[in-house]
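# Got a predicted model here, sequence first, then my questions.
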Amino acid sequence: MAVEMVVESIRQNLLAPHRIVVLKETGRERYLPIVIGVAEADAISMRLQNLEVPRPLTHDLLASVITALGGRVTKIIVTDLTGETFFARIVLDVAGRHVEVDSRPSDAIALAVRVGVPIFVDEAVLQRGAVVPEGQERSVDGQEMEKTGERIADEQLAVFKDIIDKLNLDDLGKGRH
């Protein structure tokens, strides 16, 4: 089952040359941090801030090509987390035909914010990679959730421990939507 998410923020690690896009589950205090490149982070940030550029960026070009070929993006889905690598699919409608294209999550998210389509994450990915702020171990509907520390300790996510530990979780609910 896929869960709808929104881009909560783009975070910068001052000690490393990468960014983190933080997705927030709609209606719930569950977050998914994904390490992305600087160019993709800038593309997402520019769109979220409604900044105009004089010439199309890569994700603008991709959206234009899809439209010119008679297709439209319907949604994107972060589908898997294998080791330290996230995987995503761009879901298209091309002349009534359902088409899915493999993508890096960073590119899929940048495209989604450009064309205004929903962002989804498979529940299995959230089970392995989501972060829940301290004191928020219960979901909105009262179901039990794992504590943040237990998720961070997961061997598969050890690479994110330092990144997640540096996130300012007090500010997470205050981002742009």
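The structure has been received and is ready for your questions.

# When you work out contacts or count neighbours from here on, use the C-alpha atoms and nothing else.
Will do.

# Using the three-state scheme, assign Leu14.
Local secondary structure at Leu14 is given as coil here, using DSSP: H, G, I helix; E, B strand; the rest coil.

# please begin residue numbering at 7 from this point
Yes, from this point I'll number from 7; that puts the last item at Leu20.

# Let me know the distance separating it from Ile26.
11 Å (CA to CA, to the nearest Å).

# More neighbours: these two, which one.
The neighbour count for Leu20 versus Ile26, taken as other CA atoms under 10 Å, is higher for Ile26 (22 against 8).

# Excluding chain neighbours, what is closest to the more buried one?
The spatial neighbour of Ile26 that comes closest, neighbours along the chain excluded (CA to CA, 6 or more residues apart in numbering), is Val41 at 4.4 Å.

# Could you list the residues in contact with stretch 84-101?
40, 76-83, 104-111, 114, 125-128, 130-131, 134-135, 162-163, 165 (CA atoms under 8 Å, 6 or more residues apart in numbering).

# Which ones among the residues you listed lie within helices?
The helices, defined by DSSP state H, take in 111, 114, 130-131, 134-135 from the contacts of stretch 84-101.

# which residues sit in contact with the most centrally placed residue in the chain?
Nearest to the geometric centre of the chain sits Leu29, at 4.6 Å (CA atoms, centre = their mean). Residues counted as contacts of Leu29 (CA under 8 Å, 6+ apart) are 11-15, 37-40.

# Helix or strand with the lowest mean pLDDT in the protein?
Here the helix or strand of the chain ranked lowest by mean pLDDT, DSSP states H and E is helix 154-158, holding a mean of 36.
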